[in-house]
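A.B. asks: Sequence first, predicted model second:
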Amino acid sequence: MKLRLICLYFFICLSSSVFSQDFVSGIVFLDGNSNGTFDAAEKGIKGICVSNGAEVIQTNSDGKWTLPVGNETNLFVVKPANYAVPLNSDKIPQHFFLYKKSDSVASTTSVNFPLVKSEEPKKFSALFFGDTQTRGLKEVNYINHDVVEECIGTNAIFGVSLGDITADGPALFNEINHGIAQIGIPWYNTFGNHDFDREAKNTDEKDATFKRIYGPSTYAFEYGQVVFIDFNNIYFKPDGKYIPHFTDSQISFVKNYLEFVPKNKLVVLIMHAPIVMCDNKEQIFDLISDRKYTFSISGHAHEQLNLFVDKKMGWKGTETHHHLVNATVCGSWWCGLNDELGIPHATMNDGAPNGYSVITFDGANYSVRFKAARRPENYQMNIYLPEEIKISELDTTKILVNVFAGSARSKVEMCIDNFNVWRPLQQVKAIDPEILRMHKLSSLLQKSVDGQSLEDSFGYSMDSPSKSDHMWQTTLPKEIASGTHTVTVKTTDMFGQVFQASRVFRIP
Ligand SMILES: [Zn+2]
């Protein structure tokens, strides 16, 4: 009897929870007149993915979809290839609807997502900005002058910010967006650990401002043969500290979405904290390890790093998974001496200049090209050796090269004067000599003159340099005669791209 009562109790609880489930429906439609409204003459589109952040369904033959929702649920359409979603005045894709049960209009209205046809080439480029991380309007201006202006007129078809858009100041989001929108292409955004709302109490609320401005902090979109899944992988614990982590909902979303993604497509995972830092990265790896075409990208480290994730790091695929820790727009947090235009050089702690990536996608393949801010496209390395070398010290004098976007798969060679004999350099972990020199100036910048801090006039002091992952080293050949000579260094990267630079030195 007692058991039957307990069973009845559980049945009632289960029934009430099942029957109290709310659903939202809508239509994904071809917006022929681009007015954002589903008009009588317009038709729904079949087979488009719509999600509530965990579940994913495809629209039926009439373009209709229905999904369960909670009290607050971010609903979004996955922009399919060869279609575009509306953009707001800051070029932010409007692919989402933030459902709130308390909002009576929202709970009764059907949610329709407009799409317009947009032919997309098989081969296209996109811009990836690591941490823009601004501490105020002055630094918003740095973004504009240092990178936005040179990107105007780009042939990239969209751009992505990889999180830490601001430095603990979501109130600056709109100003940053207004600047980046000048590039004139759709711009996607990623949530970073400095983009949170300070007053929010739990991890679900920390991205409230981000969501209001950019939409869901985990979502997906497609261009050509590529699907992009953008994660919020910053999980705030009750004590307010964060860990890089994927939530159960995010894992469900990826699992459910990939059911609809053919294996011949490239899957690109976008996040702020590098994937290898996530405590449960294996759960994401398990969902993509069986795919031939995968790539992931992050920011956060303020250093450039090409990681080849293998079995030791939890990857189960036969070939390694390439993860790029992208260069940051703010470099080393907008530190370093100001140049003649009043913009800090912001060299990163690994000695690479601040900048961004231009990634070219071609079918399911891709290649990455680093672009240093306000520098020529072929500025890809610094060569270090003394200005003057004694002839007796030739074979003990080290030549050190920082190949900014180099990886374990880069080939780096050098030749002296003529291009007949190329000698290989060895990859080493080393501190970039120039970043060390600049760091040593920091103590001077921390002084004040006539009560005014030198940092305010000349630029913020540099952080401690780190051992860079992309340095190469060798010694000079013995058989160089007295005189002025040129060392030329050539690097061939993992994509077959070749870059070259030269440096002149003297043997008395
Ligand atoms: Zn960060």
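C.D. replies: Great, that's in hand.
A.B. asks: show me where the stretch 1-150 of the chain has strands.
C.D. replies: For the stretch 1-150 of the chain, the strands defined by DSSP state E, counting those that start in this stretch cover 22-30, 49-51, 56-58, 64-69, 72-77, 83-84, 96-100, 113-117, 123-129.
A.B. asks: hey, C-alpha coordinates of the fifth one in CSV?
C.D. replies: Which is strand 72-77. Extracted as CSV, the C-alpha positions of strand 72-77 are listed here (Å, rounded to 0.1, in the frame of the first residue of the first chain):
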residue,chain,number,x,y,z
GLU,A,72,14.4,31.8,-20.2
THR,A,73,15.6,30.1,-23.3
ASN,A,74,17.8,31.4,-26.2
LEU,A,75,16.3,30.2,-29.4
PHE,A,76,18.3,30.5,-32.6
VAL,A,77,18.4,29.4,-36.2
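A.B. asks: Make 46 the starting number, not 1.
C.D. replies: Done: numbering now begins at 46, and the last item shifts to strand 117-122.
A.B. asks: Neighbouring strands - and their directions - for that strand?
C.D. replies: Here strand 117-122 is paired, per DSSP bridges, with strand 94-96 (antiparallel), strand 141-145 (antiparallel).
A.B. asks: and it, what's its mean pLDDT?
C.D. replies: Averaged over strand 117-122, pLDDT sits at 95.
A.B. asks: likewise stretch 285-302?
C.D. replies: 96.
A.B. asks: Same question for stretch 85-92.
C.D. replies: 96.
A.B. asks: What residues does the protein have near the ion?
C.D. replies: Residues of the chain that fall close to the ion, judged by Cβ under 5 Å from the ion: Asp209, Gly237, Asn238, His345. (Each C-beta comes from the backbone N, C-alpha and C, glycine too.)
A.B. asks: Relative to Gln518, how far out is the last one?
C.D. replies: Read that as His345. 28 Å (Cβ to Cβ, to the nearest Å).
A.B. asks: Comparing the two, which shows the higher neighbour count?
C.D. replies: His345 (26 against 15; other Cβ atoms under 10 Å).
A.B. asks: ok, now which ones touch that one?
C.D. replies: Under the criterion of Cβ atoms under 8 Å, 6 or more residues apart in numbering, the contact list for His345 reads Gly175, Asp176, Leu207, Gly208, Asp209, Gly237, Asn238, His317, Ala318, Pro319, Met322, Val370.
A.B. asks: One more: Asp176?
C.D. replies: Leu207, Gly208, Asp209, Ile210, Gly237, His239, Gly344, His345, His347, Thr373, Val374, Cys375.
A.B. asks: Leaving out sequence neighbours, find the closest residue to the first one.
C.D. replies: The shortest distance from Leu207 to any residue other than its chain neighbours is 3.6 Å, reached at Gly344 (Cβ to Cβ, 6 or more residues apart in numbering).
A.B. asks: okay, now that neighbour: neighbour count?
C.D. replies: Neighbours of Gly344 using other Cβ under 10 Å come to 31.
A.B. asks: so what's Leu521 up against?
C.D. replies: Residues near Leu521 by Cβ under 8 Å, 6+ apart: Leu430, Ile434, Leu439, Asp440, Thr442, Ile444, Ile461, Val532.
A.B. asks: Widest-spaced pair of those?
C.D. replies: Distances among the contacts of Leu521 were taken as Cβ to Cβ; the most separated pair is Asp440 and Val532, at 14.2 Å.
A.B. asks: More neighbours: which of the two?
C.D. replies: Val532 (19 against 11).
A.B. asks: is it true that that one touches Leu445?
C.D. replies: No. If you go by Cβ atoms under 8 Å, Val532 and Leu445 don't touch, sitting 11.3 Å apart.
A.B. asks: Does the residue in the chain positioned nearest to the ion lie in a helix or a strand, and which?
C.D. replies: Minimum separation of the chain from the ion (Cβ to the ion) falls at His345, amounting to 3.8 Å. Counting by DSSP states H and E, there is no helix or strand that carries His345.
A.B. asks: how close does it get to Val321?
C.D. replies: 11 Å.
A.B. asks: residues touching the residue nearest to the spatial centre of the chain, list them.
C.D. replies: The centre of the chain sits closest to Leu207, judged by Cα atoms, centre = their mean, with a distance of 3.2 Å. Leu207 is in contact with 173-176, 235, 237, 315-317, 342-345, 371, counting by Cβ under 8 Å, 6+ apart.
A.B. asks: 10 Å instead?
C.D. replies: Each residue near Leu207 by Cβ atoms under 10 Å, 6 or more residues apart in numbering is listed here: 173-177, 233-237, 275, 315-318, 342-345, 369-374, 401-402.
A.B. asks: right, and Ile320 touches Phe291 too?
C.D. replies: Yes. With contact defined as Cβ atoms under 10 Å, Ile320 reaches Phe291; the gap is 9.1 Å.
A.B. asks: Which neighbours do these two have in common?
C.D. replies: Phe276, Asn278, Leu314, Lys326, Ile329.
A.B. asks: Select from these the one having the most neighbours.
C.D. replies: Within these, Asn278 tops the neighbour count with 33 neighbours, counted by other Cβ under 10 Å.
A.B. asks: Which residue is the nearest non-sequential neighbour of that residue?
C.D. replies: Nearest non-adjacent residue to Asn278 (Cβ to Cβ, 6+ apart): Met316, at 4.4 Å.
A.B. asks: Now that neighbour. Its backbone dihedrals?
C.D. replies: Geometry field for Met316 lists phi and psi as phi -160, psi 170, criterion degrees, to the nearest 10.
A.B. asks: beta partners for Ala129?
C.D. replies: Bridge pairing for Ala129 - DSSP bridges - gives Val161.
A.B. asks: Spit out the contact partners of it.
C.D. replies: Contacts of Ala129 by Cβ under 10 Å, 6+ apart are 76, 79, 138, 140, 159-165, 203, 231, 268.
A.B. asks: Arg454 reaches Thr537, doesn't it?
C.D. replies: Yes. Between Arg454 and Thr537 there is a contact at 9.4 Å, judged by Cβ under 10 Å.
A.B. asks: which regions of this structure sit below the pLDDT cut-off?
C.D. replies: Low-confidence segments of the chain, defined by pLDDT under 70, are located at 46-65, 149-154.
A.B. asks: all helices for it, in order.
C.D. replies: Listed in chain order, the helices of the chain (DSSP state H) span residues 47-64, 149-153, 182-188, 194-196, 218-225, 253-259, 293-303, 326-333, 478-485, 487-490, 499-503.
A.B. asks: For Gly496, the count of nearby residues, please.
C.D. replies: Gly496: 5 neighbours (other Cβ under 10 Å).
A.B. asks: swap that for Val549, please
C.D. replies: 9.
A.B. asks: Quick check on the residue nearest to Asn394 when sequence neighbours are not counted: phi, psi?
C.D. replies: Nearest residue to Asn394, sequence neighbours excluded (Cβ to Cβ, 6+ apart): Ser511, at 4.4 Å. Phi and psi for Ser511, reported as degrees, to the nearest 10, are phi -110, psi 160.
A.B. asks: how long is stretch 97-115 from one end to the other?
C.D. replies: End-to-end distance for stretch 97-115, by Cα to Cα, to the nearest Å: 9 Å.
A.B. asks: And the strands in the stretch 396-545 of the chain, which stretches?
C.D. replies: Using DSSP E, counting those that start in this stretch, strands in the stretch 396-545 of the chain cover 400-407, 410-417, 426-429, 443-448, 456-461, 468-469, 471-476, 493-494, 497-498, 512-520, 528-537, 543-552.
A.B. asks: now the stretch 196-345 of the chain
C.D. replies: 203-206, 232-234, 264-268, 271-275, 279-281, 287-289, 311-315, 339-343.
A.B. asks: Give the other helices and strands that the third one contacts.
C.D. replies: The contact analysis (3 or more Cβ pairs under 10 Å, 6 or more residues apart in numbering; DSSP states H and E) places strand 264-268 against strand 94-96, strand 117-122, strand 128-129, strand 203-206, strand 271-275, helix 293-303, strand 311-315.
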